[in-house]
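Asker: Output the structure for:
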Amino acid sequence: MQNHFTSRPASRVLALLAICTSPVALAQTEDGLSLTASYSLQRDDNLFRLPDGVDPQAVLGRPSGAETIDISSVGLRYGKTLSLQRIELGVSLVDYRYRTYSRLDLLATNYDVTWRWALTPRLRGTLVAERDESVNSFNDTSVLTRGNQRVRRYQGFDALYELDGLWRLVGGVQSTRNQNEQPLIGEDSYTSRSADLGLRFEARSGSTVTARLRSGSGNTFNGAALPTTLRDEDYNQREQVLDVRWLLSEKTTADLNLVRFDRTHARLAIRDYSGTNTALSLRWAATAKTLWTVQWASDLSSYQTTNASYARTERLTASYLWQVAARTSLQASVSESSRRYQGSPPGQLPDPQRDTTRDASLGLRWNATRNMALNASLQHTQRTSNRPGISFSSTQAVVGVSLLTNP
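Answerer: Prediction:
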């Protein structure tokens, strides 16, 4: 389970697919109404992430765990600026059709509503409501015979007041509900509510430093079965957050996010934990047509099982974007993440499991016309673990077309 106040979990494949084909990603924020449509064909040679050496016939009743998925979407977006106010509305339908395992078929309904409000030029903010429905990866599912839907709802309000030319007072409230159709190993469905208040310094160079205090609470539900003596669904969390964006040069930007937090549980103190989450990124626009990005993150997150209360995940990612021609772009990325499990409850043996996941992806996009784009991507994922039955490898290939009518 992720840190509910600071992270939005997502599958790398679905994220790449969304960038390439989703109506929300393609639509612009210009005034007027935009219509989008897309279709993509995805081939996955190990949909259910079966461990290496497992016979699909014995587990699935079929000779192969491969699957072909047809993904179609339509969407509408509307934007309008009225004086200091800006309204942006978006809605989309995404249809997932599995050619072999039709029980996983899903018609997803998504929307996002944003009001960029301003009472004066110095006092402004945003009011947001979002619903995102998608298909989870089977990386950590425990039941292969059920659907694997995820629905995320988010509502947020934030405000910024310019104290003077350099200093800003910032604050906000947020509410998130993340619901999985079936329990994921170590990740429950959850709701969270939080509020924050802070101060931001904006240098004339464009660099910024923001410090916040955040306090919130939440609860988990629909989790894997655990004895009541080992499970506590309600929690409170306090955070000190530091965000730094440093413009090193015209071509280079560095970002730092530090979150020091303390999570407590209402009934079982054995599930309490605290620590620091860190994220660093460096972006370098080497030329007008290339962008290099390196990211490193170390994340401590809730992971309630019989032998662990939380997990430490470290991830290193490098990506490259090349504008090959006026209408053609190429993107490549590699990443490695490692996870270890900590905080065993009293009387339980520590969890010795160690997982390492490696991803490599390559994507190509061609804007054939102003209103049509073609894309293709290839991704390989491999996980190794010292726990038997967890290691797997999979390869996914996607081709798609996207259409957009401008306002």
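Asker: outside of stretch 331-346, which residues touch it?
Answerer: Residues outside stretch 331-346 that contact it (C-beta atoms under 8 Å, 6 or more residues apart in numbering) are 12, 230, 270-271, 273, 303, 305-322, 350-351, 353-365. All C-beta spots, glycine's among them, are computed from the backbone N, C-alpha and C.
Asker: which of those count as buried?
Answerer: Among the contacts of stretch 331-346, the ones that count as buried by 16 or more other C-beta atoms under 10 Å are 12, 230, 270-271, 273, 303, 305, 307-313, 315, 317, 319, 321-322, 351, 353, 355, 357, 359, 361, 363-365.
Asker: So which of the residues you listed belong to strands?
Answerer: Mapping these onto strands (DSSP state E) picks out 273, 310-313, 315, 317, 319, 321-322, 355, 357, 359, 361, 363-365.
Asker: what's the spacing between L364 and Q382?
Answerer: From L364 across to Q382, the span is 22 Å (C-beta to C-beta, to the nearest Å).
Asker: which residues does the nearest residue to N386 once chain neighbours are set aside bridge with?
Answerer: Of all residues beyond its chain neighbours, the one nearest N386 is R354 (5.2 Å), with distances taken as C-beta to C-beta, 6 or more residues apart in numbering. As for beta bridges, R354 partners with R340 under DSSP bridges.
Asker: Quick one: residues contacting R354.
Answerer: Counted by C-beta under 8 Å, 6+ apart, R354 has contacts 338-340, 385-386.
Asker: Let me see the ranges of the strands in the stretch 201-350 of the chain.
Answerer: Per DSSP state E, counting those that start in this stretch, the stretch 201-350 of the chain carries strands over the ranges 208-221, 234-247, 252-265, 273-287, 290-302, 310-325, 328-342.
Asker: so what's L163 scoring on pLDDT?
Answerer: For L163, the pLDDT comes out at 97.
Asker: doesn't V170 make contact with it?
Answerer: No: with contact defined as C-beta atoms under 8 Å, L163 does not count as touching V170 (10.6 Å).
Asker: Same drill for the two, tell me which one is more crowded.
Answerer: Ranked by neighbour count (other C-beta atoms under 10 Å), L163 and V170 place V170 first, with 17 against 11.
Asker: now that one: how far from A129?
Answerer: V170 is 20 Å from A129, by C-beta to C-beta.
Asker: cool, S102 as well?
Answerer: From S102 to A129 the distance is 32 Å (C-beta to C-beta).
Asker: So which of the two has more stuff around it?
Answerer: A129 (15 against 8).
Asker: and that one, helix, strand or coil?
Answerer: Three-state assignment for A129 (DSSP: H, G, I helix; E, B strand; the rest coil): strand.
Asker: what's it in contact with, if anything?
Answerer: 111-113, 154-155.
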